[in-house]
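[1] compute the structure for the input listed below.
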Amino acid sequence: MMNRKKQFRAGLIFLSLLLVVLCPLFSLSAMADESKGYQEYSLGEIVVSGKGSSVRDIAISDEITVEDFEAVNADSVADALTYVPGVRVTYGRKMLPEINIHGFDKQRILTLIDGVPYYETKYGSLDLNQVGLEGVARIDVVKGAPSVLYGPNALGGVVNIITKNASSEKPVLSATAEYGVDGIDDAYRVGLSHGMKKGNINYWLSYSRKEWDSWDLSDDFDSREGTIMVRQADGSRTRTPAVIQDEGERVNSDYETDNFWAKIGVEPSEDTEIYVNFHYIKTEKGDPPDIDFVQVRYDYNYAHFDRISAYDDWGVDLSAEHAFTDAFSLQAKLYYHDHSDEYESYTDETYTQAWALSTYNDSILGGILLGDYQITDWDTLRFSLHYKEDFHEQRDLEEIPYAESEAATGSVGFENEMTLFDDKLSIIAGISYDWYEVTKAEDNPNDDNNIIKADTPDTMDEFNPMIGATYQIVDSIQLFASVAKKTRFPTLDQIYDGDTPNLGLEAETAINYTAGLFWTFEDKLKLQVAPFFHDISDYITDDAPDNPESQSKNYAEVQMRGWEVNMEITPYKDLLFKLGYMTNDASNKSHERASDEVVGVPEYTATISVQYTLPTIGTQLNLTMLYMGESYRELPSLEEPDTEVIKNETYQLCNAKITQPFMSDRLKVFLAVENLFDEDYEAEEGFPAPGMRTWIGVKFDL
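    So this is what the prediction gives:
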């Protein structure tokens with residue numbers, strides 16, 4: 001006999017089929033698409049393809065659109081990136097999405113929203129799960145050799161999130177509501193966006209909220225015994241075996257966030273645009289523990305039994321562009337972003353007694369200047385100037401003062417693009433000068449109200465050249481190739497981790513090589529094949545010889561080589577196949593090493609998606625499959641050569657969505673199922689992923 005949960009799922013499948021059968025009785029035939037009412041925010045782009053630039057074509061790049069978001073029922077940027085070829089998104093400590101592109105983790109990827117950098121100043125990354133999609137028009141993912149105009153710290157690539165801008169004189173309104181009916185408890189998601197263009201005034205507003213009490217593990221999950229280690233203030237420690245996670249609901253997995261974005265602009269003439277962007281994000285969430293090993297550290301005032309009681313961001317961006325002549329234009333951006341979070345530690349797995357509250361406050365103040373000068377019809381010069389100051393303060397207990405740090409980062413870049421042989425050949429060459437300086441550093445090593453000033457490292461600086469080309473052999477085939485030197489400066493956390501700071505830490509360097517071809521066949525086929533090679537030196541790690549204090553050091557040498565294939569097949573207008581595949585062979589080439597392998601680099605990723613629209617009734621069916629190869633979570637180190645090798649397992653995911661339009665596509669009712677086959681897997685060892693989850697929702701566009 002089926003249990004109640006399986007009966008419920010069978011009922012959902014029956015209702016889905018019933019919807020397909022009955023929808024012709026209630027829906028109108030699909031009419032021609034009307035204007036969406038929004039366009040992509042042009043000032044959000046650093047490299048503007050609309051101006052004829054081929055810079056993005058010299059690298060492996062992906063554009064994720066609103067249609068892609070909806071196909072996988074994504075509700076955050078992290079969700080949308082999950083199914084991009086060559087990208088790996090996992091969740092571990094603090095329920096933060098770990099974004100990995102071609103083996104580069106999110107600290108080594110430059111993340112932008114409308115061309116402006118977003119990150120925490122201490123750790124160099126930000127939670128992209130809290131950035132909603134209601135106001136997002138497109139996400140650009142550039143791998144390997146991005147333009148020097150993006151600025152510093154794009155070691156392995158760039159993610160640029162481009163927001164919506166109103167394009168219609170009529171008011172535009174879009175509302176979405178979803179309810180979690182299975183696999184997630186008391187869950188709902190709502191979103192609302194509105195925009196309008198009136199005369200020379202343009203605005204766009206968006207708000208979203210999502211909340212749930214917990215989510216369920218797979219029915220196939222089996223609990224296992226883990227270890228709880230408690231270390232006292234005097235250094236003594238105890239290890240207790242315990243079952244940290246039972247079957248059923250995931251421990252401490254609640255989530256609640258509000259997300260508000262606003263944009264208002266004025267376009268006094270065809271040559272001038274001025275916009276102000278504002279965002280406010282407020283999040284509170286649980287932090288599901290590692291089911292194999294949890295620490296309670298009274299000596300360092302933190303525990304892995306914890307909650308993120310606040311994870312909040314707000315900021316203001318001012319952007320303006322003016323075309324002085326047909327050949328010369330300038331774009332300027334000023335921005336201020338503020339981030340704060342609270343890490344609340346608990347004594348044990350009951351989460352009833354909090355004993356320490358760590359608080360982090362970050363802010364960024366910066367500006368960007370971009371210039372575009374068309375020297376001739378076939379030669380264009382571009383330049384960029386980036387400068388920002390980072391401010392960070394933290395304390396491990398409420399009763400002690402904050403320790404403060406400050407740093408400044410800058411970049412000057414020049415790029416020239418020549419288009420030759422009747423626009424068949426484009427050659428792009430560029431160089432940037434990047435620098436980084438820590439101007440203030442404080443510490444409270446004993447949590448005793450005694451703030452001390454730490455020494456700061458010398459200014460770090462690097463030159464980063466690049467060159468690339470595209471060649472149009474025939475209208476349907478284009479070749480491309482590029483090589484670029486990229487650097488990433490160390491984070492404050494890496495410089496000042498451990499008991500002794502490493503003031504000699506330098507920037508990491510990567511030489512990124514990319515080549516490949518684009519091939520299109522009528523409207524039926526689009527194919528991209530691209531091998532790549534990343535040669536990384538001065539890779540920052542604490543796995544270095546003669547390193548008893550476990551400092552971060554520029555020691556490791558890493559090479560990653562592989563190839564990526566992306567394909568779209570449209571046999572006829574109502575059927576679309578998308579396939580993406582990446583293989584990556586990562587190896588540790590350090591002079592002394594305990595292992596030849598590299599942590600966190602999947603050996604392959606593959607995605608397959610199918611979209612079919614039923615004629616006449618317009619019902620849309622989406623099926624998305626993700627295959628993730630294994631990667632290493634832990635490897636032997638020089639300090640601990642007997643460490644057990646732990647792998648993140650191979651796993652497969654399948655998501656499905658059925659959408660029925662009504663009222664000429666203005667109203668859509670949908671059913672979405674995540675992890676359709678309820679697979680039990682751990683994308684990161686020790687952190688079991690959600691089982692099957694089902695959402696039912698409605699979207700209305702006016």
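
[2] ok, and what's touching stretch 326-338?
    Under the criterion Cβ atoms under 8 Å, 6 or more residues apart in numbering, residues 43, 115-116, 118, 313-324, 361-375 lie in contact with stretch 326-338. Every residue, glycine included, has its C-beta placed from N, CA and C.

[3] buried ones among those residues?
    Among the contacts of stretch 326-338, those buried by neighbour count (16 or more other Cβ atoms under 10 Å) are 43, 115-116, 118, 313, 315, 317, 319-321, 323, 361-364, 366, 368, 370-372, 374.

[4] re earlier: out of the contacts of stretch 326-338, which sit inside strands?
    Counting by DSSP state E, these place 116, 313-323, 361-375 in strands.

[5] beta-bridge partners for residue 701, please?
    residue 174 (DSSP bridges).

[6] residues in contact with it?
    By Cβ under 8 Å, 6+ apart, the neighbours of residue 701 are 37, 172, 173, 174, 665, 666, 667.

[7] ok, for the third one, nearest residue in space, not its chain neighbours?
    Computed as Cβ to Cβ, 6 or more residues apart in numbering, the closest residue to residue 173 that is not its neighbour in sequence is residue 702, at 4.2 Å.

[8] do you know the pLDDT at the one you found?
    At residue 702, the predicted lDDT confidence score is 84.

[9] ok, it to residue 208 distance?
    Distance, residue 702 to residue 208, by Cβ to Cβ, to the nearest Å: 18 Å.

[10] compare these two (neighbour count), which wins?
    residue 208 (24 against 12; other Cβ atoms under 10 Å).

[11] so which helix or strand takes in the more buried one?
    For residue 208, the host element (DSSP states H and E) is strand 201-212.

[12] and that strand, what does it pack onto?
    strand 157-166, strand 187-198, strand 255-269 (3 or more Cβ pairs under 8 Å, 6 or more residues apart in numbering; DSSP states H and E).

[13] circling back to that earlier point, right, and the residue nearest to residue 173 touches residue 665 too?
    No - using Cβ atoms under 8 Å, residue 702 makes no contact with residue 665, being 11.8 Å away.

[14] circling back to that earlier point, using TSV, please lay out the helices and strands packed on strand 201-212 together with distance to residue 305, mean neighbour count and mean pLDDT.
    Compiled in TSV, the helices and strands packed on strand 201-212 are given as follows (distance: least, Cβ to Cβ, whole Å; neighbours: other Cβ atoms under 10 Å; pLDDT from 0 to 100):
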stretch	distance to residue 305	mean neighbour count	mean pLDDT
strand 157-166	32	24	93
strand 187-198	24	19	95
strand 255-269	17	18	95
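
[15] would you mark the buried spots in stretch 454-469?
    454, 456, 457, 460, 462, 464, 466, 468, 469.

[16] next one: stretch 136-152
    Buried residues in stretch 136-152 (16+ other Cβ under 10 Å): 136-152.

[17] quick check: end-to-end length of that stretch?
    In stretch 136-152, first residue to last residue: 24 Å (Cα to Cα, to the nearest Å).

[18] not counting its own residues, what contacts the following helix or strand past the strand holding residue 208?
    Following strand 201-212 in sequence order, the next helix or strand is strand 214-215 (DSSP H and E). Under the criterion Cβ under 8 Å, 6+ apart, residues 183, 184, 185, 187, 249, 250, 253, 254, 690, 693 lie in contact with strand 214-215.

[19] okay, and which of those residues map to strands?
    184, 185, 187, 693.

[20] what sits against the closest residue in space to the third one that isn't next to it in sequence?
    Excluding its sequence neighbours, the residue lying closest to residue 187 (Cβ to Cβ, 6+ apart) is residue 180, at 3.0 Å. Contact criterion Cβ under 8 Å, 6+ apart gives 186, 187, 188, 212, 693, 694, 695 as the residues in contact with residue 180.

[21] for residue 373, see how far away the first one is.
    Taken as Cβ to Cβ, the spacing of residue 186 relative to residue 373 amounts to 57 Å.

[22] before we move on, what about the last one?
    Separation of residue 695 from residue 373 (Cβ to Cβ): 50 Å.

[23] cool, the second one as well?
    Spatial separation of residue 187 from residue 373 under the definition Cβ to Cβ is 52 Å.

[24] which among the contacts of strand 214-215 end up buried?
    183, 184, 187, 250, 253, 254, 690, 693.

[25] low-confidence ranges in the chain?
    1-35, 48-53 (pLDDT under 70).

[26] show me where it has helices.
    4-26, 66-71, 77-81, 492-496 (DSSP state H).

[27] the third one - contacts with which helices or strands?
    Using 3+ Cβ pairs under 8 Å, 6+ apart as the contact criterion, the elements in contact with helix 77-81 are helix 66-71, strand 87-91, strand 97-101, strand 136-143.

[28] between those, which gets nearest to residue 490?
    Nearest of the helices and strands packed on helix 77-81 to residue 490, taken as Cβ to Cβ: strand 97-101 at 18.9 Å.

[29] packing partners of that closest one?
    In terms of contacts (3+ Cβ pairs under 8 Å, 6+ apart), strand 97-101 is packed against helix 77-81, strand 87-91, strand 157-166.

[30] for residue 394, see how far away residue 92 is.
    21 Å.

[31] then residue 685?
    Residue 685 is 29 Å from residue 394, by Cβ to Cβ.

[32] could you do residue 487 as well?
    Counting by Cβ to Cβ - residue 487 and residue 394 are separated by 26 Å.

[33] how many other residues sit next to the residue lying closest to residue 564 once chain neighbours are set aside?
    Computed as Cβ to Cβ, 6+ apart, the closest residue to residue 564 that is not its neighbour in sequence is residue 582, at 4.4 Å. Neighbourhood size, residue 582 [other Cβ under 10 Å]: 28.

[34] contacting residues for residue 582?
    Taking Cβ under 8 Å, 6+ apart, we find residue 582 in contact with 85, 86, 102, 562, 563, 564, 565, 604, 605, 606.

[35] and these, which of them are in strands?
    562, 563, 564, 565, 604, 605, 606.

[36] wait, which of the residues you listed is closest to residue 288?
    Out of the ones in strands among the contacts of residue 582, the member with the shortest distance to residue 288 (by Cβ to Cβ) is residue 605, at 24.1 Å.

[37] and the residue nearest to that closest one when sequence neighbours are not counted, how far is that from residue 685?
    Residue nearest to residue 605 in three dimensions, not counting chain neighbours: residue 582, with 5.0 Å by Cβ to Cβ, 6+ apart. For residue 582, the distance to residue 685 (Cβ to Cβ) stands at 22 Å.

[38] isn't residue 68 up against residue 80?
    Yes - in this structure, residue 68 is within contact of residue 80 by Cβ under 8 Å, at 6.8 Å.

[39] intersection of neighbour lists for those two?
    With Cβ under 8 Å, 6+ apart as the test, residue 68 and residue 80 both reach residue 74.

[40] more neighbours: which of the two?
    residue 80 (25 against 19).

[41] that one touches residue 141, doesn't it?
    No - if you go by Cβ under 8 Å, residue 80 and residue 141 don't touch, sitting 9.9 Å apart.
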